[in-house]
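1. sequence? don't have it. structure:
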């Protein structure tokens, strides 16, 4: 969040923050499939270690530039691109490493636990970053970020390799990236879930642009407020992790329903009449976001066969995160053109339309059908092969 806030301070423009987000995530769309191939070919631990060392170096560069007072927007843009390239290798490697640690049998619980830990960090990290920025400036926030990346390297290096469940490494051959793409396209459920993740990333998950704009232009709470909003979202996400771990099952309908819930709550958050209501809605949006990510991530990982899992995740992660690239630009432009609230309502509505479109497509290929059920909700989307209600 330090780079997002620094760009806003330097430019005063939400569109400039959108450009930063785009530059960070666009490389994933280009380099992502090759990063997944590396995850299938090489030791995932070593790939994660190299990626985190690179993150630490980039954080150190930003810290020096900021603390010496010479930082410019173009510095942040260049580093954003490099961070995107690093993430293209780090994301699929880290996710496949989780399956190697616990095996397929424990993967669903592991994804839930990983999300819980990530959201605990998301709860403390933004609040701490907002505090550091408000009291000492962005340079020291970058310094702390670099130290945290080095801690990750130490943790991964300390893993006991004998206790892992390594997948067979894929030998070098031509056309392996195309093979991963064909694998996904031949499985409509997998393809549409990955597509929905990309659409949600583009149309909904634009926190840096939205929250900076709300902190700066709507509630006038500054860097401390920006940190608070991120922390509240993470707190809601943590609750979503707990609920999802208890109640979510490996079903396509859970992905679709969570996506629709996320879209609706995002639009409602934009209409919050008071600051207190806005904070409550941020928590709800955070919970809905994590329910969607847990359902989609678990389904993608367990649906993909182990030899191609890295390449499948290298399509899923770049589309989800790379969607931020287009979404950041769209959200920044809508914010500048329509205003903060109206821009968020529009993207929430578009996300709901995208969810309905994907649900229709899944129904056409036989993975979903609408059904009336005896349930607190009178209407649900269920697998096509589910038994008819009595």
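-> Here it is on my side, so go on. Small disclaimer: the values here were computed from a predicted structure and weren't measured.

2. In what element of secondary structure is residue 195 found?
-> Counting by DSSP states H and E, the element that carries residue 195 is helix 188-203.

3. chain center to that helix: distance?
-> Mean-position distance between helix 188-203 and its chain equals 12 Å (Cα atoms, centre = their mean, to the nearest Å).

4. Show me how far the next helix or strand after it is from its chain's centre.
-> Of the helices and strands lying after helix 188-203 in sequence (DSSP H and E), the nearest is helix 207-213. Centroid displacement of helix 207-213 relative to its chain, using Cα atoms, centre = their mean, is 15 Å.

5. which helices and strands sit right next to helix 207-213?
-> Secondary structure elements in contact with helix 207-213, counted by 3 or more Cβ pairs under 8 Å, 6 or more residues apart in numbering; DSSP states H and E, are helix 2-11, helix 14-41, helix 222-247, helix 309-338, helix 340-364. Placement of C-beta: from N, CA and C, glycine included.

6. got the angle for the first one vs helix 309-338?
-> Okay, so that is helix 2-11. An angle of 30 degrees separates the directions of helix 2-11 and helix 309-338 when computed by axes from the mean of the first three to the mean of the last three Cα atoms, to 10 degrees.

7. Flag every buried residue along stretch 323-334.
-> Using 16 or more other Cβ atoms under 10 Å as the burial criterion, the residues of stretch 323-334 that qualify are 323-332, 334.

8. Return the member of these nearest to residue 55.
-> Distance from residue 55 was checked for each of the buried residues of stretch 323-334 by Cβ to Cβ. The minimum falls on residue 324, at 17.4 Å.

9. which SSE is the nearest residue to residue 289 once chain neighbours are set aside in?
-> Using Cβ to Cβ, 6 or more residues apart in numbering and skipping the chain neighbours, the partner closest in space to residue 289 is residue 262 (5.6 Å). Residue 262 belongs to helix 252-270 when elements are defined using DSSP H and E.

10. Can you tell me how far the residue nearest the centre of the chain is from residue 46?
-> In the chain, the centroid-proximal residue (Cα atoms, centre = their mean) is residue 321; its distance is 5.6 Å. Using Cβ to Cβ, to the nearest Å, we find residue 321 at a distance of 22 Å from residue 46.

11. before we move on, could you check phi and psi at residue 204?
-> As for residue 204, its main-chain torsions (degrees, to the nearest 10) stand at phi -130, psi -40.

12. On the pLDDT front, check the closest residue to it other than its chain neighbours for me.
-> Beyond its immediate neighbours in the sequence, the residue positioned closest to residue 204 (Cβ to Cβ, 6+ apart) is residue 351, lying 4.5 Å away. What the model reports as pLDDT for residue 351 is 92.

13. and what of residue 172?
-> As summarised for this prediction, residue 172 has a pLDDT of 65.

14. Can you list the low-confidence ranges for the stretch 251-390 of the chain?
-> Flagging of the stretch 251-390 of the chain using pLDDT under 70 yields the residue ranges 322, 324-325, 366-390.

15. rerun that using 80 as the cut-off
-> For the stretch 251-390 of the chain, the stretches with pLDDT under 80 are 251, 301-302, 304-311, 313-314, 317-329, 365-390.

16. repeat for the stretch 51-200 of the chain
-> Flagging of the stretch 51-200 of the chain using pLDDT under 80 yields the residue ranges 95-96, 98-100, 102-131, 134-135, 160-177, 180.

17. residues touching residue 5, list them.
-> With contact taken as Cβ atoms under 8 Å, 6 or more residues apart in numbering, residue 5 is in contact with 133, 138, 212, 223, 226.

18. now swap in residue 348 and tell me
-> Under the criterion of Cβ under 8 Å, 6+ apart, the neighbours of residue 348 are 203-204, 263-264, 266-268, 270.

19. re earlier: closest one of the buried residues of stretch 323-334 to residue 278?
-> residue 331 (16.9 Å).

20. so the closest one touches residue 209, yeah?
-> Yes - in this structure residue 331 lies within contact range of residue 209 using Cβ atoms under 8 Å: 4.4 Å.

21. which residues do those two both contact?
-> Common neighbours of residue 331 and residue 209, using Cβ under 8 Å, 6+ apart, are 14, 18.

22. ok so, going back, so which of the helices and strands packed on helix 207-213 is nearest residue 256?
-> Among these, helix 340-364 comes nearest to residue 256, with 4.9 Å by Cβ to Cβ.

23. and that closest one with helix 309-338, angle?
-> Helix 340-364 and helix 309-338 meet at an angle of 140 degrees, taking the same axes, to 10 degrees as the criterion.

24. how deep is residue 241 tucked in, by neighbour count?
-> Other residues lying near residue 241 total 27 when counted by other Cβ atoms under 10 Å.

25. Surely it touches residue 288?
-> No - shown here, residue 241 and residue 288 do not form a contact pair, counting by Cβ under 8 Å, at 11.9 Å.

26. Now do residue 342 against residue 335, distance only.
-> When distances are taken as Cβ to Cβ, residue 342 and residue 335 turn out to be 9 Å apart.

27. cool, residue 327 as well?
-> From residue 327 to residue 335 the distance is 12 Å (Cβ to Cβ).

28. Please apply the same query to residue 349.
-> Residue 349 is 15 Å from residue 335, where distance means Cβ to Cβ.

29. higher neighbour count, those two?
-> In this view residue 349 and residue 335 are compared by other Cβ under 10 Å, and residue 335 has more residues nearby, 28 against 15.

30. and the more buried one, what does it touch?
-> For residue 335, the contacting residues are 14-15, 18, 209-210, 213, 343-344, by Cβ under 8 Å, 6+ apart.

31. May I ask which of the contacts of residue 348 has the most neighbours?
-> Tallying neighbours with other Cβ under 10 Å puts residue 204 at the head of the contacts of residue 348, with 31 neighbours.
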